[in-house]
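Enquirer: could you look at this predicted model? Sequence included:
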Amino acid sequence: MTTPIEVLCLAGTSQNGATLLTRMLGRLPGFVAVGEVGYLWDKGLIENVECGCGVAFRSCPFWTKVGDAAFGGWDRVDAPEAVRLRGAVKLKGRPLAQARAVPLLVRPQLSRSYRRGLDAYGDLMTAVYGAVVEVSGGAVVVDSMKQPAHVYMVRTLAGVDLRVAHLVRDPRGFANSNLKWVRRQGDSEREYRTRRPPWKATALWDFTNLAFEAMAPLGVRAARVRYEDVVFRPADELRRVAALCDVSLGPEDLSFVSGTRADLPPDHLVAGNRMRLASGWTELRADEGWRSSLTEPQRRTVAAISWPLMRAYGYGR
């Protein structure tokens, strides 16, 4: 019997602290952090961005070994076709793309053409996950791609044992982050990350979190984790997430955490925010700039749209 590939997907909105949590999980015994691995086709193979270790993707020894184990070398991969398949899985370019993709990922037999694209992309991702496990010596793969379509896609992969850490953040913080001007990494056609008004950001927050709340009834082992708890009680939250993967941690396994500080050496996150390129002792601080940046009308808008989940997640103040 083939041993299942163990994958821990961090799920949630963007700007929710996933890169930080991924890097801390990657320091635990039995885990390997790879970042937003679904972007390796364009960010890594086409744009050749820096790996988290500081070396260009195609020159990184870790990812070179992964490419060799998965495909006999990255040069044997049609990267533009992989990007196209990824877009097809999440119905890129269509209105309400991810909201329409999730039902198809739950019932792919509804569309033969969609199923064909899903199978082709799934074969690529399964090969990558399997190679990461091989190169890392059998570790749980920590994938911080987050998007509903991606995580639901992983659920369809034969031979993959999926666990989901549903990472949530105060919707007011997410709305505030969506108002900021942030430069994109790599050779993107757009210079800045997408900005959204508070009402639109909150609607996205609702959809994304509801999509992941629906995974447990589908039989996926999942746990909800709050960004704020990760920052203020990192050791406790790391134990919870590790337990989700049936890993028990001892005090020595968390020696890199001291209070609200974490020692993060260079690792191999292929994509994620810029903090993946930083190393050394890192002070964990909650980004609560919304308290001074959002106007009172903006706060009321966010609360009105998100209040059922906002209350359920403990964001009442």
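Expert: Structure received.
Enquirer: quick check, residue 165 in contact with residue 225.
Expert: Yes: under the criterion of CB atoms under 8 Å, residue 165 makes contact with residue 225 at 5.3 Å. For every residue, glycine as well, the C-beta is placed using N, CA and C.
Enquirer: please enumerate the shared neighbours of those two.
Expert: Common neighbours of residue 165 and residue 225, using CB atoms under 8 Å, 6 or more residues apart in numbering, are 21, 241.
Enquirer: show me the shaky parts of this structure.
Expert: Low-confidence segments of the chain (pLDDT under 70): 1, 183-192, 317.
Enquirer: elements contacting the longest helix anywhere in it?
Expert: Taking DSSP state H as the criterion, the chain has its longest helix at helix 112-136. In terms of contacts (3 or more CB pairs under 8 Å, 6 or more residues apart in numbering; DSSP states H and E), helix 112-136 is packed against strand 5-11, strand 31-35, helix 61-71, helix 79-89, helix 97-106, strand 140-146, helix 148-155.
Enquirer: the last one to strand 140-146, inter-axis angle?
Expert: Looking back up the chat, that one is helix 148-155. Counting by axes from the mean of the first three to the mean of the last three CA atoms, to 10 degrees, helix 148-155 points 150 degrees away from the direction of strand 140-146.
Enquirer: after helix 148-155, which helix or strand is next?
Expert: Going down the chain from helix 148-155, the next helix or strand is strand 160-168, by DSSP states H and E.
Enquirer: point out the other helices and strands that the helix or strand just after that next one packs with.
Expert: Where DSSP H and E defines the elements, the next helix or strand beyond strand 160-168 is helix 171-177. Using 3+ CB pairs under 8 Å, 6+ apart, the elements in contact with helix 171-177 are helix 198-213, helix 290-293, helix 296-312.
Enquirer: got the contact list for the first one?
Expert: Counting by CB under 8 Å, 6+ apart, helix 198-213 makes contact with 11-13, 98-99, 102, 148, 151-152, 164, 166, 168, 171, 174-175, 178-179, 196, 222, 294, 298, 301-302, 305-306, 309, 313, all of which sit outside it.
Enquirer: try 6 Å
Expert: Residues from elsewhere that reach helix 198-213 (CB atoms under 6 Å, 6 or more residues apart in numbering): 11, 13, 102, 148, 166, 171, 174-175, 178, 298, 301-302, 305-306, 309.
Enquirer: then the last one?
Expert: Helix 296-312 is contacted from outside by 171, 172, 175, 198, 199, 202, 206, 209, using CB under 6 Å, 6+ apart.
Enquirer: and which of those is nearest residue 117?
Expert: Set against residue 117, the nearest of the contacts of helix 296-312 by CB to CB is residue 209 (26.5 Å).
Enquirer: between which two of the contacts of helix 198-213 is the distance greatest?
Expert: 102 and 298 (28.5 Å).
Enquirer: what number of residues lie near residue 156?
Expert: Residue 156 has 18 neighbours, counted by other CB atoms under 10 Å.
Enquirer: sorry, slip of the keys, the one I care about is residue 255.
Expert: By other CB under 10 Å, 10 other residues sit near residue 255.
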